[in-house]
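Sharing a sequence plus its predicted fold:
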Amino acid sequence: MHPAPPPVAGPLGQLPLPPARGAALRPPPPPHPTLPLAAAWGAVAFTALPLLLAPIVIALVQAASMPAVAFVPVVVVASYGPAMAWWWYASGRYGTGRRLDDVGLIFRLRDLGWGPLTWLTCLVVQVTVGAIVMWAGVPFTSNTEGLEDRSSEAGFIVTMIVLAVVVAPITEEIVFRGLVMRGLLRRFSAPTAIAMQGAIFGVAHVDPSRGTGNIGLVLILTSVGIVLGGAAYACRRITASIVAHAILNAAALLAVFLDVAP
């Protein structure tokens with residue numbers, strides 16, 4: 001029995017290196033699922049109009065003195081109904097028809113760890129960009145401003161908790177990280193798509209009543225949207241970013257309510 005021949009040197013006279021330990025056990029991540037660009041622009045359109053009309057709807061509902069049990073569903077449908085209807089349609093028209101899979105709404109237990117980690121990253125980025133905005137003198141108005149004036153109204157508090165901590169994280173991640181980013185990924189590179197959806201996320205929070213204060217708010221929320229998009233891209237699903245988004249909104253509400261607590 002003859003011994004195995006030694007490895008043959010390459011063209012530069014170097015012996016091939018052995019594979020790194022564990023390299024064969026870690027296959028490359030699968031490509032990120034995409035949707036046609038039309039799914040992204042449709043999601044933007046069906047999100048923009050309700051966001052502009054939501055303050056009017058809320059004012060009308062409040063004037064009607066509706067109880068919280070009726071107030072919440074009306075505001076939810078007015079604010080997010082069109083975008084959710086587009087998701088349902090776009091999945092059947094452009095995707096597989098498996099609504100949850102098409103936007104990456106797939107829960108994994110490890111998302112309970114990735115979610116808080118993503119939130120911490122959002123918090124660091126938010127504070128950093130916020131400090132730059134303040135240092136540069138960019139006009140800024142928080143999107144929680146004015147909430148403290150109604151913090152004693154139980155119905156309003158319940159509405160805000162449901163909207164900000166439950167409804168908004170799920171629906172906005174479906175729209176921006178599920179539809180918009182996946183549509184942009186069909187046409188653009190990952191860094192470009194993540195940055196673009198982050199900017200769209202920031203602009204989607206513009207409120208005409210804030211005036212120039214929207215500028216700083218858009219910059220800060222764009223940075224948050226980019227972090228959430230990066231997490232969704234890395235995980236190939238949106239559940240970790242939903243958890244992070246919920247914590248982020250809950251912390252913002254808690255800060256407002258504790259600030260006015262006696």
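Perfect, I can see it now. Everything numeric in this text was worked out from a predicted model, so none of it was measured.

just for the protein, where's the confidence low?
Low-confidence segments of the chain, defined by pLDDT under 70: 1-26, 51-55, 57-58, 61-62, 64-71, 146-156, 259-262.

If you tally nearby residues, what's the number for residue 205?
18 (other CB atoms under 10 Å). Where you see a C-beta, it was placed from the backbone N, CA and C, and this is true even at glycine.

OK, contacts around it?
Residues counted as contacts of residue 205 (CB atoms under 8 Å, 6 or more residues apart in numbering) are 51, 143, 217, 218, 221.

For the second one, give its distance to residue 95.
Right, the one you point to is residue 143. In this view, residue 143 and residue 95 are 31 Å apart by CB to CB, to the nearest Å.

ok, these two, which is more surrounded?
When neighbours are counted by other CB under 10 Å, residue 95 comes out ahead of the other of residue 143 and residue 95, with 20 against 17.

May I ask you to confirm that that one is in contact with residue 104?
No - with contact defined as CB atoms under 8 Å, residue 95 does not count as touching residue 104 (11.1 Å).

re the thing from before, from the contacts of residue 205, pick the one nearest residue 177.
residue 221 (13.8 Å; CB to CB).

Residue 252 is in contact with residue 164, isn't it?
Yes - assessed by CB under 8 Å, residue 252 is found in contact with residue 164 at 7.5 Å.

Mind checking which of those two has more residues around it?
residue 164 (20 against 17).

Which helix or which strand is home to the closest residue to residue 90 other than its chain neighbours?
Closest residue in space to residue 90, ignoring its immediate chain neighbours: residue 39 at 4.4 Å, by CB to CB, 6 or more residues apart in numbering. Secondary-structure assignment from DSSP states H and E places residue 39 in helix 37-63.

Next, the contact list for residue 44, please.
180, 200, 204.

hmm, try it at 7 Å
Counting by CB atoms under 7 Å, 6 or more residues apart in numbering, residue 44 touches 180, 200.

Relative to residue 31, how far out is it?
24 Å.

Then residue 229?
16 Å.

The two - which one has more neighbours?
Each of residue 229 and residue 31 has its neighbours counted (other CB under 10 Å); residue 229 has more, 27 against 8.

these two touch, right, the more buried one and residue 173?
No - between residue 229 and residue 173 there is no contact under CB atoms under 7 Å: 9.8 Å.

Name the helix or strand for residue 27, please.
Using DSSP H and E, no helix or strand contains residue 27.

so residue 100 sits right up against residue 88, yeah?
No - using CB under 7 Å, residue 100 makes no contact with residue 88, being 11.2 Å away.

And these two? Which one has more around it.
Legend: neighbour count by other CB under 10 Å for residue 100 and residue 88, higher for residue 100 (14 against 11).

got a list of what the more buried one touches?
Residue 100 touches residue 106, counting by CB under 7 Å, 6+ apart.

Mind giving me the packing neighbours of the host helix or strand of residue 91?
Secondary structure from DSSP H and E places residue 91 in helix 68-94. The contact analysis (3 or more CB pairs under 7 Å, 6 or more residues apart in numbering; DSSP states H and E) places helix 68-94 against helix 37-63, helix 99-103, helix 154-161, helix 168-172.

Reduced to three states, what does residue 96 come out as?
Assigned by DSSP: H, G, I helix; E, B strand; the rest coil, the conformation of residue 96 is coil.

I'd say residue 104 and residue 176 touch.
No - counting by CB under 7 Å, residue 104 does not reach residue 176; the two are 11.7 Å apart.
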